[in-house]
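Undergrad: Generate coordinates for the sequence data below:
(chains A and B)
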Amino acid sequence: MSMLTATERAEIRGMARELAHRELAPRAAALDAGGQDVLAECWSLLAELGLDRALLDEEHGGSGLGVLDLLDTIEELAVGDGAVAMCVLLCNAALAMLADEQLADVPAGARWALVPAALGTELTISDGQLDGRWPVRWARTAPTGSSSSSTAPSPRRRRPALAQPA
Amino acid sequence: MRLERDLAQMGLRAAPAASVELAGVDYVPAPGGSGAQSAAVSVARAPALLRAGTAAIAHGIARRSYQMALEYAHARQQGGVAIIEHDAVSDMLSAMAVRLACWPQITADPAGVALEEAQALAVKIAATDAAVASTTDAVQVFGGVGYMVGTGIEKLMRDAKYCQLFPEPNWVAHNELIRSERRPSAVKAGAP
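TA: Down below sits the predicted model:
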């Protein structure tokens, strides 16, 4: 749960709204064209505001936001561009899965992604490059009790979204 | 670990999906067992975070589509009046406004029910279905222009559709929801 005051939460939401209006919306068409360089520009702005690791406390370079504050922020960012908001969601989810000792190795400003290797049964966290070979950094399991063989993707084709690292 | 970019996506193109193949990987167990102690979410809640986050993204997209459609409906003249004066258009805008008003305000809940499995699934299904409906209506409000790439309105429809399919298709989410409802421990006290 957030330790922020109502005023602080409103300020953060306002900051995200302003960023979406001024920086993301004008770039939405370029982002839609798949421009990873444009995404990198946006990401640097988000990282400056600490939104890449918003759920972590300040000691670990985070903003100390609670989950609900993050959801507020993501909603505002999505008004500007949904894909950027998705990258923020995935990066925060990935970093929150790391143990404190591991966070010390995470470079500031990098984009990370949470990869449900077999949705609902395992979460794998990694960084690297698309269209190439990635070093696996860490893996962690997260039982959810909600998966089944009929709904989980095949182990060969493992999906959801991956954000490229900065 | 090998990653291959999937085929070009219909929406959310700046967040490309990829196929992941693990082979000859050394598994290094993570120290600790519950994720960052310094983070506000536990490992077990990660799937719910993804679903609630996707719901929030869908709602943001729906808000944007409503803003754009409303602005266009006031500006665009047809038959001597702004098209918002035409019932067919105002009905669509009204439906969009209603869907936005029905957003469950998950982020206003201090108890954080958004991260309960069943609640997150329900919110994700409702928000993404609403976003697809509203962005489709928004394209219709724009008329033929809305179908053209470049107005930005068709992009919102494509982006909203992605949310219906992530992290799982909504029909799968429906199945997950019902299964979790059958487990009393997964249902928050007081939930229907």
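Undergrad: show me where pLDDT drops low in the chain?
TA: No chain was given, so I picked chain A. For chain A, the stretches with pLDDT under 70 are A:1-3, A:105, A:107, A:110-166.
Undergrad: hmm, I had chain B in mind actually
TA: Short version for chain B, where the test is pLDDT under 70: B:1-6, B:18-44, B:105-115, B:182-192.
Undergrad: Please, where are all the helices along it?
TA: Here chain B has its helices, by DSSP state H, at B:46-75, B:87-101, B:117-142, B:153-165, B:170-181.
Undergrad: distance between the second one and the chain's centre?
TA: Mean-position distance between helix B:87-101 and its chain equals 19 Å (CA atoms, centre = their mean, to the nearest Å).
Undergrad: can you list contacts of it?
TA: Outside helix B:87-101, the residues that touch it by CB atoms under 8 Å, 6 or more residues apart in numbering or on different chains are B:59, B:62-63, B:65-66, B:69-70, B:73, B:83-84, B:130, B:133-134, B:137-138, B:140-141. Any C-beta I mention is one placed from the backbone N, CA and C, and that applies to glycine too.
Undergrad: can you list the helices of chain B in JSON lines and add mean neighbour count?
TA: Formatted as JSON lines, these follow (neighbours: other CB atoms under 10 Å in any protein chain shown):
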{"stretch": "helix B:46-75", "mean neighbour count": "25"}
{"stretch": "helix B:87-101", "mean neighbour count": "15"}
{"stretch": "helix B:117-142", "mean neighbour count": "24"}
{"stretch": "helix B:153-165", "mean neighbour count": "25"}
{"stretch": "helix B:170-181", "mean neighbour count": "18"}
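Undergrad: Tell me which of the ones you listed sits nearest to A:D81.
TA: helix B:153-165 (8.2 Å; CB to CB).
Undergrad: could you give the angle of the closest one to helix B:170-181?
TA: 40 degrees (axes from the mean of the first three to the mean of the last three CA atoms, to 10 degrees).
Undergrad: So which other helices or strands are in contact with helix B:153-165?
TA: helix A:28-32, helix A:82-96, helix B:46-75, helix B:117-142 (3 or more CB pairs under 8 Å, 6 or more residues apart in numbering or on different chains; DSSP states H and E).
Undergrad: Against B:A75, how distant is the spatially most central residue of chain B?
TA: Central residue check for chain B by CA atoms, centre = their mean: the C-alpha nearest the mean position is that of B:A58, 2.8 Å away. From B:A58 over to B:A75 the distance is 26 Å, taken as CB to CB, to the nearest Å.
Undergrad: try B:Q164
TA: 30 Å.
Undergrad: and what of A:A28?
TA: A:A28 is 20 Å from B:A75, by CB to CB.
Undergrad: can you give me the strands for chain A?
TA: For chain A, the strands defined by DSSP state E occupy A:113-118, A:122-126, A:136-141.
Undergrad: picking up where we left off before, just confirm the residue nearest to the centre of chain B contacts B:A126, I think it does.
TA: No: using CB atoms under 8 Å, B:A58 is not in contact with B:A126, being 9.2 Å away.
Undergrad: coming back round to it: any idea which of the helices and strands packed on helix B:153-165 gets closest to A:W43?
TA: helix A:82-96 (7.1 Å).
Undergrad: residue with max distance from the center of chain B?
TA: Furthest out from the centre of chain B (CA atoms, centre = their mean) sits B:G80, at 37.2 Å.
Undergrad: nearest spatial neighbour of the closest residue to chain B within chain A, skipping sequence neighbours?
TA: Proximity of chain A to chain B (CB to the nearest CB) peaks at A:A78, 2.7 Å away. Once flanking residues are discounted, A:A78 sits nearest to B:G60: 2.7 Å by CB to CB, 6 or more residues apart in numbering or on different chains.
Undergrad: what does B:K124 give?
TA: Nearest non-adjacent residue to B:K124 (CB to CB, 6+ apart): B:R51, at 4.1 Å.
Undergrad: Against B:A126, how distant is that neighbour?
TA: 11 Å.
Undergrad: likewise A:G80?
TA: A:G80 is 23 Å from B:A126, by CB to CB.
Undergrad: so how many other residues sit close to A:R22?
TA: 11 (other CB atoms under 10 Å in any protein chain shown).
Undergrad: Ok, the one 10 residues further on next?
TA: A:D32 is surrounded by 23 other residues when neighbours are defined as other CB under 10 Å.
Undergrad: Now B:P16. Its backbone dihedrals?
TA: Backbone torsions for B:P16, taken as degrees, to the nearest 10, come to phi -70, psi 140.
Undergrad: and what of B:G150?
TA: phi 120, psi -20.
Undergrad: Excluding chain neighbours, what is closest to it?
TA: A:A29 (7.5 Å).
Undergrad: ok, now B:I57?
TA: Closest to B:I57 by CB to CB, 6+ apart is A:A78, at 4.3 Å.
Undergrad: Give me the neighbour count for A:R13.
TA: The burial count for A:R13: 16, using other CB under 10 Å.
Undergrad: measure it to B:V149 for me?
TA: 31 Å.
Undergrad: Make sure the residue of chain A closest to chain B is actually in contact with B:A55.
TA: No: assessed by CB under 8 Å, A:A78 is found out of contact with B:A55, at 10.3 Å.
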